[in-house]
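**Student:** My questions are about this predicted structure, shown below with the sequence.
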Amino acid sequence: MKQWLLSFFLFPLCIGAQQQFSALRINSKITVDAKMNEEVWFASDSTATDFITIRPIPAIKSDHKTTVRLVYDDFALYFFVACYDVKDSISNVFTVRDDFNANADIFSIYLDTYNDHQNGFYFGITSTGVQLDGKILAGDFNDQLNLVWESQVRLNDNAWLAELKIPYSALRFSKKEIQSWNINFGRQIARSREESSWVTVNPDFENYLVNSGKLEGIHNIDPPLRLSLIPYLSTYVNQEANGYGSSFFGGMDVKYGINEAFTLDVTLVPDFGQVIFDNQVLNTSPFEIQFNENRQFFTEGMELFNKSGIFYSRRIGVQAPWEVLTTNLLENEVIGGIQGMPQLYNASKLSGRTKHGLGIGVFNALSAPTVGTAFNTITNENREFLAAPLTNYNTLVLDQNLKNNSSVTLTNTNVLREGNFYDANVTAFNSNLNSKNNTFFINGKTTISQKYTAVGNEFGYNLGLNAGKQRGNLIYSLNYFEEDDKYDPNDLGFNSVNNRRFGSAFIGYRYFKPWWKFVRMTTNLSLSYNRLYRPNVYTESNLEWSAFAMTKHFDAYGVSAYTSFTEKFDYFEPRVWGSYFVAPRWYGAGGWISTNYQKPLALDVNFYYVGFADNPSWKYLSYMFSPRIRASNKILITLNWSLEDQRNDRGYAIQFGTPVDTIPGILFGERNRMNLTQYLEFNYTLTNRMNIALRTRHYWSVLTYNQFFTLNEDGSLSPNSTQGLASDGTSAYDLNYNAFTVDCAYRWVFKQGSELSFVWKSSIFTSVKDINPGYFQNMNDLFNAGLSSNSFSIKLLYWLDVAELRKLKTRQDKP
């Protein structure tokens, strides 16, 4: 009760005038060693302390003292931090760089050098010296930004000490005599899950830039020359059908600061061969699957390009649209295979923000042609064909900051293809407007897509409006969205389905203070109503409820329940436009548990069930069991076992791997499907710059049909007499699919920005008709099938800072 009263009375006192923090200019050298031997650290009276908690109990003074000092010179900012704690209680957990989910004690710096409370930089350090950094844009956090800066950590009897040097080359700021920046600091204590900040951050709106102090005293500093060269060399040994082959690659990334605010990034002849495998699955839906982007050039510094949601970087060199791949197919031909991914010749991006708050981003990439194999279903002949031509990809973004953490954004993507392939252009306008204290919001979006073909142009659009309340215990929103049947951003974006209208309403309640056995609780209720755009017909409406709670022992629990109000009229499952399938009304429930990750053994468990009102035998069940074993402060082992069991599901019948039979009407089937996913992750962090990571994943999907139907005009199903089961109960549509992958990597950051990596990658993919093997027989068959790919590679990256090289040469030239 005492803590609650302190929280009630203290919080209003913490949200008044902006707090001030002064930096002292120095001329003497500082050695980054976390020893505080330099006298300059004691010359300034300005120290940030008295941190205020965010959780588990918000808005009270932290019991664990933190002090922060800041000095600067012509080249960098220097921070000295003391995080007071009992020595034996300080976390000794080692992690890889930028692992924000680790159970580590962390000190954080949030720098708003644009003075707009929207765009900033994050720098963090753990108690074991692991660096974390990222770029912040309007509350979104991009941790794929590996900046080059120095740090050192040391423990004494009553605190862990950290010293950080952040060079101006790692920041972006305007050239002017007196800098006006905002700053905030944060601290996380792993064992108690305490999070605190220097300037109070309310848990209902966790924004360290909106809630920040004023950094005073920085003047007469110049944005430095920002030019770095990152050459690489790599070599591969690949197991092939006739033995082993080898290859050698070389290229370079260039980062150039055109001026104080804008940076040009260029990758020349890039090599993405060490990127981890995608999580491949057996897709029986009518929609394309979206995979994560893991190539560093396309994840680092991409926050501007991703803001409008129409840029999907995997379209460049990885995941070409199906409409493009089938352009050059002849009558009765299907794609037999694509000969690898297209070579990316080069890619470049220019991004930054002016002193008036205008963010500008320009992206361009050029990929080589791709060849495929076409199979003729009548003659059974193969031929080589051009699957994708020489292609240029371009994106332009203009993002203007407004008051109250608001913004308007214009984004354009353009794809130009050589030859008889079509070109595409998409333009999106987004507005995000907040009230003065960010309590209320209204967001709007409209997008126009264009395709330019030999027979004419095709235009499509979407638009949406979302408004509500986002702060406080009670939150709510209303949303409307529509998308016509011609809208298609998929040449450089991702949209799984168009031709839709939907409206939704959401209400939630969040309680941030301890009550009974819980430290935090939320509950949400949402309602949705869906129609097609053309024809304007009803499809479905749904209701979903969920709740979440975390106990004082930091175990988390969640439950959910959901139902549809009516039958679902599915116009996409039949794969033939104009037809639809009527699925019965469904209902379901589920829950999950996640125990305290701070303990040596933690568990994640979930269970979900979906049933159908008019067909009790049609049901979905999903289970997941995942233990996390912290074997030591340097070793983390994660196991995951998940099972999806679909029983008597009804859907479009797909004949995988062979030409589709000519069957009158639209063939549906009743089927059972089992999806088993298992993975093992082993992470051994030898030091804060050296790590060994192993990830193995096995995905097993068995699809068996019980009976077949013809889809009727009214959406119902009638038994199909032309398709049946064989005497052994199998059908030509059954499939046993396996995907087994291994990613094993050793990485050593031997110098800031420089890395040596050894990577082993191996995979097995099989699709067979034997649907009856048990688990162990299936595994035996899988490994006897032989490897689909197997490679070992070595890659060396070396970071060269031209400004540092100049300073070194100047020192050497002095007599």
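**Tutor:** The structure has been received and is ready for your questions. Numbers count the residues shown, from 1 in each chain.

**Student:** roughly how far apart are the nearest residue in space to R314 that is not next to it in sequence and G301?
**Tutor:** Nearest residue to R314 in three dimensions, chain neighbours excluded: E293, at 5.6 Å (Cβ to Cβ, 6 or more residues apart in numbering). Just so you know, the C-beta spots here come from the backbone N, C-alpha and C atoms, and that holds for glycine as well. Per Cβ to Cβ, to the nearest Å, E293 is found 13 Å from G301.

**Student:** quick one, phi/psi of F297?
**Tutor:** Backbone torsions for F297, taken as degrees, to the nearest 10, come to phi -60, psi -30.

**Student:** gap between it and T49?
**Tutor:** Counting by Cβ to Cβ, the gap from F297 to T49 is 41 Å.

**Student:** Which one's more surrounded, these two?
**Tutor:** Per other Cβ atoms under 10 Å, whichever of F297 and T49 has more neighbours is F297, with 22 against 12.

**Student:** Verify the stated contact: that one with D253.
**Tutor:** Yes: counting by Cβ atoms under 8 Å, F297 does reach D253; the two are 7.1 Å apart.

**Student:** Now for those two: what residues contact both?
**Tutor:** D265, T267, P270 (Cβ atoms under 8 Å, 6 or more residues apart in numbering).

**Student:** Can you add secondary structure and pLDDT and give those back as a markdown table?
**Tutor:** Below are these laid out as a markdown table (DSSP: H, G, I helix; E, B strand; the rest coil; pLDDT from 0 to 100):
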| residue | secondary structure | pLDDT |
| --- | --- | --- |
| D265 | strand | 94 |
| T267 | strand | 94 |
| P270 | coil | 90 |
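
**Student:** buried subset of those?
**Tutor:** D265, T267, P270 (16 or more other Cβ atoms under 10 Å).

**Student:** secondary structure class for the residue most central in space within the chain?
**Tutor:** By Cα atoms, centre = their mean, the chain has its centre lying nearest to N292, at 6.7 Å. Counting by DSSP: H, G, I helix; E, B strand; the rest coil, the backbone at N292 sits in coil.

**Student:** how about it, what does it touch?
**Tutor:** Contacts of N292 by Cβ under 8 Å, 6+ apart are D278.

**Student:** now stretch 340-352, how far from the chain's geometric center?
**Tutor:** Centroid displacement of stretch 340-352 relative to its chain, using Cα atoms, centre = their mean, to the nearest Å, is 19 Å.

**Student:** Pull the number of nearby residues for the closest residue to S594 other than its chain neighbours.
**Tutor:** Counting by Cβ to Cβ, 6+ apart, A556 is the residue found nearest to S594 once chain neighbours are left out, at 4.5 Å. Look at A556: counted by other Cβ under 10 Å, it has 17 neighbours.

**Student:** what bits of the chain have low per-residue confidence?
**Tutor:** 1-16, 241, 657-663, 807-815 (pLDDT under 70).

**Student:** Quick one: the helices in it, in order.
**Tutor:** Counting by DSSP state H, the segments of the chain that form helices are 2-13, 303-306, 322-325, 775-784, 802-813.

**Student:** Export the fourth one to PDB, keeping only CA atoms.
**Tutor:** If I follow you right, that is helix 775-784. Provided in PDB are the C-alpha atoms of helix 775-784 (Å, rounded to 0.1, in the frame of the first residue of the first chain):
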ATOM      1  CA  TYR A 775       7.900 -40.900 -36.600                       C
ATOM      2  CA  PHE A 776      11.100 -42.900 -36.400                       C
ATOM      3  CA  GLN A 777      10.600 -44.600 -39.800                       C
ATOM      4  CA  ASN A 778       9.900 -41.200 -41.300                       C
ATOM      5  CA  MET A 779      13.200 -39.800 -39.800                       C
ATOM      6  CA  ASN A 780      15.000 -42.800 -41.200                       C
ATOM      7  CA  ASP A 781      13.500 -42.300 -44.600                       C
ATOM      8  CA  LEU A 782      14.300 -38.600 -44.500                       C
ATOM      9  CA  PHE A 783      18.000 -39.100 -43.800                       C
ATOM     10  CA  ASN A 784      18.300 -41.900 -46.300                       C
END
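
**Student:** can you list the residues that contact that helix?
**Tutor:** W700, N736, N738, F740, I764, T766, V768, D770, P773.

**Student:** Show me what counts as buried in it.
**Tutor:** Within helix 775-784, the residues that qualify as buried are N778, L782, counting by 16+ other Cβ under 10 Å.

**Student:** Likewise for stretch 371-391?
**Tutor:** Buried residues in stretch 371-391 (16+ other Cβ under 10 Å): G372, A374, F375, N376, F385, L386, A387, A388, P389, L390, T391.

**Student:** Most widely separated two among the contacts of helix 775-784?
**Tutor:** Spanning the widest gap among the contacts of helix 775-784 are F740 and D770, at 16.4 Å by Cβ to Cβ.
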